[in-house]
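A.B. asks: Got a predicted structure here, sequence first:
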Amino acid sequence: MQLGHKTALPASPDKAVIDKVKNPHKGVDYCVRFSCPEFTSLCPITGQPDFAHLVIDYVPKDFLVESKSLKLFLGSFRNHGAFHEDCTVAIARRLIKEIKPAWLRIGGYWYPRGGIPIDVFYQSGAVPKDVWIPAQDVPGYRGR
């Protein structure tokens, strides 16, 4: 576990460790949300920074994502070159692999590149019944 220890930012998403903790309410369906309004990565062509507001919702089964490790994982994209679509879907797939949630979705609300904002959405399946899943409510980019 990285929690409680000084931990350097991983060199890349592949080198990042995602810690998990036991779900204290296993068998109860509920939604967990992480918002990352200052996500950054690099354009794989130009090397210039890209910025996004990420919203990750999931319904846990056996495990929860430990938040410090999630922050380090997301921070590891800071020097990682990938397109918006790749970053967004790769984050979702890695979380699914590590914690095996009942359900997960991610909204990647990217700021404009070349004058065009690119928003990317991924969901692991149908929304679970009888679980309150709030709207992400991140407005599309409108400029000034």
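C.D. replies: On my side now, so go ahead. Quick caveat, the model's predicted, so the values are computed rather than measured.

A.B. asks: Which secondary structure state does the nearest residue to V127 once chain neighbours are set aside sit in?
C.D. replies: In space, and not counting its chain neighbours, V127 is closest to I133: 5.6 Å by C-beta to C-beta, 6 or more residues apart in numbering. To be clear about C-beta, it is placed using only N, CA and C from the backbone, and glycine gets the same treatment. State at I133, reduced to three classes by DSSP: H, G, I helix; E, B strand; the rest coil: coil.

A.B. asks: show me the contacts for I133.
C.D. replies: By C-beta atoms under 8 Å, 6 or more residues apart in numbering, the contact list for I133 reads C31, D57, R105, V127.

A.B. asks: Quick check: the last one touching W103?
C.D. replies: Yes: here V127 lies in contact with W103, judged by C-beta atoms under 8 Å, at a distance of 6.8 Å.

A.B. asks: coming back round to it: select only the buried ones of the contacts of I133 in PyMOL?
C.D. replies: Applying 16 or more other C-beta atoms under 10 Å to those, the buried members can be selected in PyMOL as follows:
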select buried, resi 31+57+105
